[in-house]
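J.: here is my input, please return the structure:
(4 chains)
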Number of protein chains: 2
Amino acid sequence: MRESQVIEPRPYHHGDLRRALIDAARRLLEAEGPSALSLRAVAREAGVSPAAPYHHFKDKGELLEAVAHEGWELLDGALAKAKALAPSPQDAINGLGVAYVCFARENPALYRVMYDTARDREDLPDQMQDDKDSAYCKVRDTLVEAGADPEDTLDIELATTAAWCSAHGLAEMAGFKQFEHLKDACGGEVPFLRAIFQHMGLVPRRSAD
Amino acid sequence: MRESQVIEPRPYHHGDLRRALIDAARRLLEAEGPSALSLRAVAREAGVSPAAPYHHFKDKGELLEAVAHEGWELLDGALAKAKALAPSPQDAINGLGVAYVCFARENPALYRVMYDTARDREDLPDQMQDDKDSAYCKVRDTLVEAGADPEDTLDIELATTAAWCSAHGLAEMAGFKQFEHLKDACGGEVPFLRAIFQHMGLVPRRSAD
DNA sequence: CAGATATCTTTACGGCGCATAGATTGAGAC
DNA sequence: GTCTCAATCTATGCGCCGTAAAGATATCTG
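T.: This is a model prediction of the structure:
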């Protein structure tokens, strides 16, 4: 009983309304999409009054930030798994890209919330650059392992940024119907993603191709 | 006097309320950002009653689509100019990318509306693939001019898509504060963009590097 | 001029984010 | 164990939103 998360400020009446609200939000997001995610609807879903969330979140944006935070953690996990499965650093780079896009495609509403909240603050979440096993650092480290010069930090950062931008752009585009015929021509979504990534010079140029 | 646009269904009382509403929307968008773009605010800005817009647009989404449409036309123009200025096809590819991102950075709210409405319909605007001098076709044609094999249509389409995704991803990322230090290190925003594009293999591989 | 029709206004409904004030309930002090 | 207090939740209300419906008004057609 005493083994609750120990992280939250502490719940009183409800048990853990903060947790319940985030879960309710994610449930709604999955079921109805981002446009249906009103604070009132979340409260309704969680079974509390419309004003109750304000005791746990300053405003709607803060709830969305909490949801987005969990999204980034999920993404970290997905990328970690992809990296672990890759047989070589070169494969890992491609695998990370594919895993990134697949995450975005499988959680479109969550992905949108993640970037919408970041854009509102003009700032990606701190965890992205600071946490040691953040998604960003995972990509950067993998680029180094794949042969990028670890001395040239500017080049490494540029390469990591380029990879991230490419994956993000592809993640957003892959949802459009316009590309269905391309996916078919490539033999499915993942082969399509691989083909696109092949056109993006993400792997550092080495002698062998 | 009779030289009005001849395109619209025809205005009555107001002169051209449809036009005025779109202009008002773009003015608001520029001044207050996308979140302030309510149908009522647009009507207010145009000096009509809150319900007036419904005689010209089915709903709010249709007004946004009209705004987005003008955005795509502006983007087409910006890319055309960039292409005309480029001394070589290779330069043109880079120039198109930079022009694309600059357009997005100079019109952030408009750019967001363009992709938000597209995403809601899961469909990029028809003009993108059909119009002969659409942005998409301009990129594709430039890739061919730069040396891509015009016979391999699948490869061309993949390369164009890759270029588009890269530019879109970079356009969205470039707004985050995280990258300020990278921009500074590169000596400004445009050099930063060029450096990133250099890491994305957009120009078809030819013998000479 | 007369009717039809397109345009615009008025009014109204429900939902939203959020502020405020009051009720309830659990936790620590004694 | 009781008291006190602060944390939590509810009730109510404000102004905004999108949009539907009905009435007023101006323009087009004949």
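J.: wait, residue A:169 touches residue B:165, no?
T.: Yes - with contacts counted by CB atoms under 8 Å, residue A:169 reaches residue B:165, the gap being 3.6 Å. Any C-beta I mention is one placed from the backbone N, CA and C, and that applies to glycine too.
J.: how about the strands in chain A?
T.: Secondary structure of chain A, counting by DSSP state E: no strands present.
J.: close to DNA strand C: what parts of chain A are there?
T.: A:12, A:13, A:38, A:39, A:40, A:41, A:50, A:51, A:54, A:59, A:60, A:61 (CB under 7 Å from any atom of the strand).
J.: neighbours of the fifth one, how many?
T.: I take that to be residue A:40. Look at residue A:40: counted by other CB atoms under 10 Å in any protein chain shown, it has 12 neighbours.
J.: could you identify which of the residues of chain A next to DNA strand C has the most neighbours?
T.: Using other CB under 10 Å as the neighbour test, the residues of chain A next to DNA strand C are led by residue A:39, with 20 neighbours.
J.: I'd assumed residue A:62 was in contact with it.
T.: No - with contact defined as CB under 8 Å, residue A:39 does not reach residue A:62; the gap is 10.2 Å.
J.: how close does the residue nearest to residue A:43 when sequence neighbours are not counted sit to residue A:23?
T.: Of all residues not flanking residue A:43 in the chain, residue A:50 sits nearest, at 5.1 Å (CB to CB, 6 or more residues apart in numbering or on different chains). Residue A:50 sits 18 Å away from residue A:23, going by CB to CB, to the nearest Å.
J.: now do the buried residues in the helix-or-strand element of chain A with minimal mean pLDDT.
T.: Among the helices and strands of chain A, helix A:127-130 carries the lowest confidence by mean pLDDT, DSSP states H and E, at a mean of 80. Neighbour-count burial for helix A:127-130, counted by 16 or more other CB atoms under 10 Å in any protein chain shown, picks out A:127, A:128.
J.: which positions in the longest helix anywhere in chain A come out as buried?
T.: Counting by DSSP state H, the longest helix found in chain A is helix A:60-85. The neighbour-count check on helix A:60-85 (16+ other CB under 10 Å) flags A:60, A:63-68, A:70-72, A:74-76, A:78-79, A:82-83 as buried.
J.: tell me which other helices or strands it touches.
T.: Where contact means 3 or more CB pairs under 8 Å, 6 or more residues apart in numbering or on different chains; DSSP states H and E, helix A:60-85 is packed against helix A:17-32, helix A:39-46, helix A:89-106, helix A:108-120, helix A:127-130, helix A:135-145.
J.: just the angle for the fourth one relative to helix A:60-85, thanks.
T.: Translated: helix A:108-120. 120 degrees (axes from the mean of the first three to the mean of the last three CA atoms, to 10 degrees).
J.: distance check, residue A:106 against residue A:187.
T.: In terms of CB to CB, residue A:106 sits 20 Å off from residue A:187.
J.: again, but for residue A:84
T.: Distance, residue A:84 to residue A:187, by CB to CB: 26 Å.
J.: which residues does the closest residue to residue A:183 other than its chain neighbours contact?
T.: Closest residue to residue A:183 apart from its sequence neighbours, by CB to CB, 6+ apart: residue A:192 at 4.4 Å. The contact partners of residue A:192, by CB atoms under 8 Å, 6 or more residues apart in numbering or on different chains, come to A:174, A:179, A:182, A:183, A:186.
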